[in-house]
Every structure is written in C-alpha cells, then in structure tokens.
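Peer 1: generate coordinates for the sequence data below:
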Amino acid sequence: MGRKYSMRIVVHGQQAFGKAVLDALLKRGDNVIAVYAGPEKPGQKIDPLKEAALAAKLPVLQPASYRKPEVWEEFRALKPDLQVMAYVTLFVPEEFLKIPTKGSIQYHPSLLPKFRGPSSINWPIIKGESETGLSIFWPDNGLDTGDILLQKKTPIGPDDTLGSVYFDRLFPMGVAAMLEAVDLVKAGKAPRTKQDDAKASYEGWCAADNARIDWAKPWAQIYNLIRGCNPQPGAWTTHEGRKLQIFEAKPLPARQPNGIGGKMGEVVELDGESFTVACADGRIRVLRVRPADGAKVTAAEFATAAGLKTGTRFA
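Peer 2: Numbers count the residues shown, from 1 in each chain. Sure thing, here's the model as predicted:
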C-alpha cells in the first residue's frame, strides 16, 4: 500500500452505522487492521459490523469489558494508529483510548455539549429544537465530554421524526464526517476544541417511561413526543387499561370549530382514516398505531377493531 493509506485503523462499534463506517473506510482503501464489536447475547443474530468484518477477513475482538489490562495488551499488540468509534455503548476507559499512537475519535449524534447521553437524537425533537447535528470528538473518561474534532448541523423540520432525522441525515452525514475526521488526523490537522461545560446538557435513555402521552399537555408537546419517539421507543397512551403506541399523527392546534372541545384525552372525531383526541389547547389527529401485542395498523383499523366512539377516553 502507498504511504497515503499506511495509518493503521481499528474500527470499534456495532449495528448498521458501525458497518457503514467500516465499509466506507475499506472502499476508499484505508488500512483497517481489526474490528472491535459488542459481545453477543445468547441467541442474538450476528451484528452487522461483525458480519462485514468477517467478510473482509479482518480479525474481530469482542471483549465484555474494556477495564481489564489484558484487554489493553491485546489492543496494544495490534499496533494501532487510530481507533474509530462508531456507535459504542460499553464504557471505554482512557487507558484503552490512548493506546493508538494518534488516539481515538468517536461519533455522537448531537451538537455537543448539548444532549450528551445515549438518546441524543430523540431528545432534541421531543424538546422542540429546530436544529441538531453530529459531533466527532476525542473521547475521555467522561460521558461525551471530550474535545471536539468537528461538527455538522442539520435542521429539524416541524414534521421530522427520530427516524427521518437519523436515517435520512445523521446516519449518512455521520459516515462522511468520520471519513473527514480520519483524513484530518492523518494530515496532522485534527482540531481539539474544548467543550463549554456551561452550555452542556445531559439526557438519559428515552425509555417507555418517558414516552407516555399526557393529554393535559399542549398539542405541541404531545406532537413533539410522538415524533421524537417514532420509531423507538414509541409514544403511548392507554385504552381500556392496555397500552396503545402512537407513531403517526397530525396536530390540530385549535379547539373544535363548533366550540365543543371535548375533555382532555377524549376522542372528539372519527373518520375513515383517523381518530382525533382532545388535549390542553387543541387536538391530535392519530393516523398510525400499534396496540399491545399487535402489529402497526392504521388508526381507522384500530378504531374499528376496538369499537372507538366519540367520547372514548384515553388515559
């Protein structure tokens, strides 16, 4: 190989994003020498990154913990120059991060220092932000606290969802940004810009507990929650004591034109495509749902099956 591609790169990650970063590096001829992937749980399907690494005949390492000196020695023996971290969920201590001669760089799907933490794509949408982005940074022992190498911004449209922001933008932008960051490291021009902790925010996992709809809230908050949880973890309410996830909806900011607004959480209208639920300052027209233990269906299909009527209350 020519000198241009002599930097010895280890890719560390999982899932489709880790695979896409590995594929992009290999496609342009970078010298990837090994892959670190998350350990599999019993019965779990092979991770896409591991599958791609094995197909490329690369060694795959899957330690259950990165806190052990023997794991560090195994990494050191690879003689890595750069560790490229693409969607890593296990804690990786500085002793491991500093082994490559040029260090380690990591992808994070928010504009650090805002939205540090594991669900950093959900929360900006849920909180009504009009912009998000991605950061490639130099990880340290803190949680998403390391120096910034580069950042890219993207708007959050009024009808964007977690799925559209990630798959349409932050995923492809992230792969391209990783390649750009590798080139900056290779050229010796990679910035290390300190994060401003005064502007930092941290959010934990966006889990089912966070995704419950409170129909007493304003329509904008409810709509942001629905789109920020679509497809995961799925915003939800209850109907007759059973969970109903709502994935697609349209906000109707005003009360009903005839002045009969309905009580909060009450079905105020049914049509051939949807049902509409009253909230604090408007209504939410529900279009696609998933009942407990069922598949996703149109709101009209659910309404028919569940016998919804105007006046039915969701809790």
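Peer 1: domain map for the chain?
Peer 2: According to the domain assignment given by automatic domain parsing, the chain is divided into the following structural domains: 3-199, 208-306.
Peer 1: which one of the ones you listed lies closest to Thr312?
Peer 2: When the domains of the chain are ranked by distance to Thr312, counting by CB to CB, first place goes to domain 208-306 at 4.4 Å. (C-beta placed from N, C-alpha, C; glycine too.)
Peer 1: for that closest one, measure first residue to last.
Peer 2: In terms of CA to CA, to the nearest Å, the two terminal residues of domain 208-306 are separated by 23 Å.
Peer 1: just how off-centre is it within its chain?
Peer 2: The offset between the C-alpha centroid of domain 208-306 and the centroid of the whole chain comes to 23 Å, using CA atoms, centre = their mean, to the nearest Å.
Peer 1: if we can go back for a sec, output the domains of the chain as CSV; include the columns distance to Phe314, mean pLDDT and mean neighbour count.
Peer 2: As requested, the domains of the chain are arranged in CSV below (distance: least, CB to CB, whole Å; pLDDT from 0 to 100; neighbours: other CB atoms under 10 Å):
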stretch, distance to Phe314, mean pLDDT, mean neighbour count
domain 3-199, 19, 96, 18
domain 208-306, 4, 93, 18
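Peer 1: now the ones you listed in TSV, with distance to Ala315?
Peer 2: Converted to TSV, the domains of the chain look like this (distance: least, CB to CB, whole Å):
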stretch	distance to Ala315
domain 3-199	21
domain 208-306	5
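Peer 1: which residues touch Asp153?
Peer 2: Not Asp; residue 153 is Lys. The neighbourhood of Lys153, defined by CB atoms under 8 Å, 6 or more residues apart in numbering, consists of 111, 131-133.
Peer 1: for it, which residues make a bridge with it?
Peer 2: In this structure, Lys153 has beta-bridge partners Gly133, where bridges are defined by DSSP bridges.
Peer 1: that one and Gly133, how far apart?
Peer 2: With distances taken as CB to CB, to the nearest Å, Lys153 is found 4 Å from Gly133.
Peer 1: middle-most residue in the protein, spatially?
Peer 2: When the chain is reduced to its mean C-alpha position, the nearest residue by CA atoms, centre = their mean turns out to be Ile121, at 4.7 Å.
Peer 1: wait, that residue sits on Gly133?
Peer 2: No. Counting by CB atoms under 8 Å, Ile121 stays clear of Gly133, with 10.4 Å between them.
Peer 1: what sits in contact with each of these two?
Peer 2: Contact criterion CB under 8 Å, 6+ apart; residues shared by Ile121 and Gly133: 110, 170.
Peer 1: quick one: the helices in the protein?
Peer 2: All helices of the chain, identified by DSSP state H, fall at 15-27, 48-55, 69-76, 94-97, 122-126, 162-163, 171-186, 219-228, 299-306.
Peer 1: by contact count, what packs against the fourth one?
Peer 2: Secondary-structure packing of helix 94-97 (3 or more CB pairs under 8 Å, 6 or more residues apart in numbering; DSSP states H and E): helix 69-76.
Peer 1: then the fifth one?
Peer 2: When contacts are defined as 3+ CB pairs under 8 Å, 6+ apart, helix 122-126 sits against strand 131-137, helix 219-228.
Peer 1: let's go with 10 Å and repeat that
Peer 2: strand 131-137, helix 162-163, helix 219-228 (3 or more CB pairs under 10 Å, 6 or more residues apart in numbering; DSSP states H and E).
Peer 1: now render those as CSV, adding distance to Asp196.
Peer 2: CSV is the format used below for the helices and strands packed on helix 122-126 (distance: least, CB to CB, whole Å):
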stretch, distance to Asp196
strand 131-137, 13
helix 162-163, 26
helix 219-228, 25
